[in-house]
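> here is my input; please provide its structure:
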Amino acid sequence: MRVSKEKAAQNRERILSSAARLFREHGIGATGVDAITEDAGLTHGGLYSQFGSKEVIAAEAIRFALARGKRVWQRALERNPGMGALPAIVDGYLSREHRDAPGTGCVVAALGTDIARQPRRVRQAFTKEIKADLEFLSQLMPNDGQEGRYEDAIATFASMAGALILARAVNDEQLSDLILKSTAKRVIKRAKTRRAVRRS
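As a prediction, this is how the structure comes out:
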């Protein structure tokens with residue numbers, strides 16, 4: 001029986017949603033097609049007719065998850081226009097809630113080292129979306145000059161992702177909380193200092 005375009009689009013989103021979550025929870029290599037189809041409630045045939053291979057699924061799932069993450073940042077900007085957006089994004093990213101939900105959180109913190117070992121197609125999808133994320137973040141950086149803002153965005157995001165990785169890795173909850181809190185405090189303070197220098 002032929003599937004309608006609307007149903008095919010729904011199935012595609014279910015597959016990508018399941019794959020993105022399972023990859024972040026277990027890793028790309030440890031997540032098989034069986035687990036994805038079972039989680040999505042679909043058959044192997046439905047999955048392969050949409051994507052053709054696990055490599056394509058991985059590339060598309062990473063793109064899908066990173067795009068969703070950027071929408072979270074965009075909503076933070078809408079709710080906190082101007083200079084209020086960056087602290088809101090940092091606080092949300094370096095929160096206990098984000099730390100404790102790797103399956104729905106940042107792809108970079110969950111899969112960064114895993115992606116480095118993936119085929120070219122997967123790394124290209126990741127790189128393209130990260131560039132877009134950094135460009136978005138650079139517009140929130142309080143610094144003169146586009147190049148300086150982009151570099152500040154890289155340093156900010158690297159600090160945030162690194163802190164989240166460390167906070168998830170340690171088995172001391174007090175230390176984990178301190179990693180999140182200390183990094184958020186210093187990232188926001190650095191941005192405020194930059195803003196003050198820019199105004200002077």
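> when you work out contacts or count neighbours from here on, use the C-alpha atoms and nothing else.
Will do.
> what sits closest to the residue nearest the centre of the chain if chain neighbours are left out?
Geometric centre of the chain, nearest residue: residue 106, 3.1 Å, by Cα atoms, centre = their mean. Distance criterion Cα to Cα, 6 or more residues apart in numbering; nearest residue to residue 106, sequence neighbours excluded, is residue 69 at 6.7 Å.
> relative to residue 139, how far out is the one you found?
17 Å (Cα to Cα, to the nearest Å).
> for the residue nearest to the centre of the chain, phi and psi?
phi -60, psi 130 (degrees, to the nearest 10).
> do you know how far it is from residue 193?
The gap separating residue 106 from residue 193 is 27 Å, by Cα to Cα.
> could you do residue 56 as well?
Residue 56 sits 43 Å away from residue 193, taking Cα to Cα as the criterion.
> which parts of this protein are helices?
5-26, 33-40, 44-51, 54-79, 85-93, 96-99, 107-115, 120-138, 146-169, 173-199 (DSSP state H).
> what does the fifth one contact?
Same thing as helix 85-93. Helix 85-93 is contacted by residues 73, 76-80, 98, 140-141, 160, 184, 187-188 when judged by Cα atoms under 8 Å, 6 or more residues apart in numbering.
> change it to 10 Å
Contacts with helix 85-93, where a contact means Cα atoms under 10 Å, 6 or more residues apart in numbering, come from 72-80, 94, 98-99, 105-106, 137, 139-142, 156-157, 160-161, 163-164, 180-181, 183-185, 187-189, 191-192.
> need the buried ones from these selected in PyMOL.
Selection of buried members from the contacts of helix 85-93 for PyMOL, criterion 16 or more other Cα atoms under 10 Å:
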select buried, resi 73+74+76+77+94+98+99+105+106+137+140+141+142+156+157+160+161+163+164+180+181+183+184+187+188+191+192
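> where does pLDDT dip in the protein?
Under the criterion pLDDT under 70, the flagged ranges of the chain are 1-3, 143-146, 194-200.
> mind redoing it with 50?
Confidence mapping of the chain against pLDDT under 50 gives the ranges 197, 199-200.
> list the contacts for residue 94?
The neighbours of residue 94, taking Cα under 10 Å, 6+ apart as the test, are 88, 160-161, 163-164, 167, 177, 179-185.
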